[in-house]
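Novice: Build the 3D model from these lines:
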Amino acid sequence: MKRKMVDGISDFRLSKCAKSERSLGDRISLLPSEILVHILSFLTLKEAGRTSVLSKRWMELWAFVVQLDFDASKVSSFGTPLFPEKRQQYVEWVEKVLESHKAPVIIKFRICFELNKYFQNLVDMWLHYAFSKRVERLEVDLLRVGHPLCPSPEPCHFPAGLLDQSSDKRSEESHYIDYGKSIHNVVITRFSCLRSLSLSGVVVTGVDFDLFLLKFPCLECLIVRSSHSQDMSAVTVSGSSLALRYLEITYCKYLQSIIVRDTCLVSLIITRVSNLQLENVPRLVNVRVSGWLVREIIPQLSSFLSRLEVLTLHFVDDDVREVSIYFYSIEIDF
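Specialist: Model (predicted):
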C-alpha cells in the first residue's frame, strides 16, 4: 500500500517527526537555572522580562539577571520634546524591575535617560540599591536626548553623602529604600567591587571626584562627561596604589586643571583644560585631547611623546577636525 505523499514527504515520516517532538518536549527549560539566567543576560532587559510568560519555570528567572541596563535613549529623537509622561513611564519601569529583582549581586547597572533634579531622590535610591548589590560597572547617563554633550538645564547631582561616611572605620551603612509596596533595608558596603564608573550629565564636585579615588580601591575606569559644576575646577589623580587605568574627563565646563602623577594610568582623554601636568606616569600610552585648547596642551605633552603609542588631537577648526598619530618603538637587544 502506498503512503500519501505531502511535498515529497510521506505521512509516516511526518507523524514520526511529530511524535519525536512530543517526546522531546521543552528541553531548554530542563537546563539548570544558572544556564538559563546566563542565556537571558544576552537579551535586553525588556526582552528578558517578556520570557516570564513562557511557563511557570520561566516566570521569575529574569529577576536573577545580573546586568540591569535601563536604556531608553531612543524614546525621543533629536528635536522632539520629551513629555513628562515619558519620564514617568521610565521611572515606573525602573521601579518595577528593582522591586522584583532577586539576584544577590549586580555586574552592570546602567541608567540612560534624560532626568533632571526633580528625580534626584529616585536616582539616589537607584544608586544606593546598585551599591548594595556590589555593582561592578556603574553608568549614569542623564544627557539631554539628541544633545550628546548637553546636560539638563537642571541636572541631578551625584548623591550627596553616599560616599562621605562619618567614619572610615565603618564597614557598612544601612538605608531603607521604598519600591512600590515593599521596603528594602539594603546595606551599603565599602564599594570594594566597583571597577568602572561612568557619569554623563551628572553634577560631580571636586570632593566627589576625590572620594571616587579614595572609596573605590578597585576602580580601573573613571569617566566624567558634561559635568557643569563650579566646584570641580581642578582635579588631581595621584598615588601608585590606585588601580585606575582609564581616565576620561570631557566637556566639564569649569574644569581648568588636571594633574596626574605617580600612577599606572594607561589611557587619558581630556578636553577644555588650560593646565595639564603629567608626572611619573610610565604606563601612559594613549592620549586623546580635543577642544579649543589643543594647541596650548601640546607643549605640555612634549616630554611624553617618546612613550606614547597613540596620540589623538581633535581640533575645533574648519580645516582640520582630527589627527591621530601612532608611535611604534622597537628595541632590539643583541
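Novice: Show me the longest helix that occurs in this protein.
Specialist: In terms of residue count, the longest helix belonging to the chain (DSSP state H) is helix 84-100.
Novice: Restrict it to CA atoms and write it as PDB.
Specialist: Provided in PDB are the C-alpha atoms of helix 84-100 (Å, rounded to 0.1, in the frame of the first residue of the first chain):
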ATOM      1  CA  PRO A  84       6.500  64.300  31.300                       C
ATOM      2  CA  GLU A  85       4.700  61.000  30.800                       C
ATOM      3  CA  LYS A  86       7.700  59.600  29.100                       C
ATOM      4  CA  ARG A  87       9.800  60.300  32.100                       C
ATOM      5  CA  GLN A  88       7.100  58.800  34.300                       C
ATOM      6  CA  GLN A  89       7.000  55.600  32.200                       C
ATOM      7  CA  TYR A  90      10.800  55.300  32.500                       C
ATOM      8  CA  VAL A  91      10.600  55.700  36.300                       C
ATOM      9  CA  GLU A  92       7.900  53.100  36.600                       C
ATOM     10  CA  TRP A  93       9.900  50.700  34.500                       C
ATOM     11  CA  VAL A  94      13.000  51.000  36.700                       C
ATOM     12  CA  GLU A  95      11.000  50.900  39.900                       C
ATOM     13  CA  LYS A  96       9.100  47.800  38.800                       C
ATOM     14  CA  VAL A  97      12.300  45.900  37.900                       C
ATOM     15  CA  LEU A  98      14.100  46.800  41.100                       C
ATOM     16  CA  GLU A  99      11.100  45.800  43.100                       C
ATOM     17  CA  SER A 100      11.200  42.300  41.500                       C
END
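Novice: Output the contacting helices and strands for that helix.
Specialist: Counting contacts by 3 or more C-beta pairs under 8 Å, 6 or more residues apart in numbering; DSSP states H and E, helix 84-100 is packed against strand 67-71, helix 120-132, strand 173-179. C-beta: built from backbone N, CA, C; applies to glycine.
Novice: Please produce CSV containing those, extended by mean pLDDT, distance to C156 and mean neighbour count.
Specialist: Shown next, in CSV, are the helices and strands packed on helix 84-100 (pLDDT from 0 to 100; distance: least, C-beta to C-beta, whole Å; neighbours: other C-beta atoms under 10 Å):
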stretch, mean pLDDT, distance to C156, mean neighbour count
strand 67-71, 95, 15, 18
helix 120-132, 95, 5, 20
strand 173-179, 51, 17, 14
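Novice: now Y118: how far from S152?
Specialist: Distance from Y118 to S152, counting by C-beta to C-beta, to the nearest Å: 10 Å.
Novice: who's more crowded, the two?
Specialist: S152 (21 against 12; other C-beta atoms under 10 Å).
Novice: how about that one, phi and psi?
Specialist: Dihedral angles of S152 (phi, psi; degrees, to the nearest 10) stand at phi -60, psi 150.
Novice: How about it: what's its closest non-neighbour residue?
Specialist: Excluding the flanking residues, the one nearest S152 by C-beta to C-beta, 6 or more residues apart in numbering is N116, at 4.3 Å.
Novice: wait, what's in contact with the one you found?
Specialist: L142, S152, P153, E154, P155, C156 (C-beta atoms under 8 Å, 6 or more residues apart in numbering).
Novice: Just give the number of residues close to the third one.
Specialist: Same thing as P153. 9.
Novice: And for the fourth one?
Specialist: The burial count assigned to E154 is 9, neighbours taken as other C-beta under 10 Å.
Novice: part of a helix, is it?
Specialist: No. Under DSSP: H, G, I helix; E, B strand; the rest coil, E154 sits outside any helix and is assigned coil.
Novice: Let me know whether it touches L115 as I believe.
Specialist: No. Using C-beta atoms under 8 Å, E154 is not in contact with L115; the gap is 10.1 Å.
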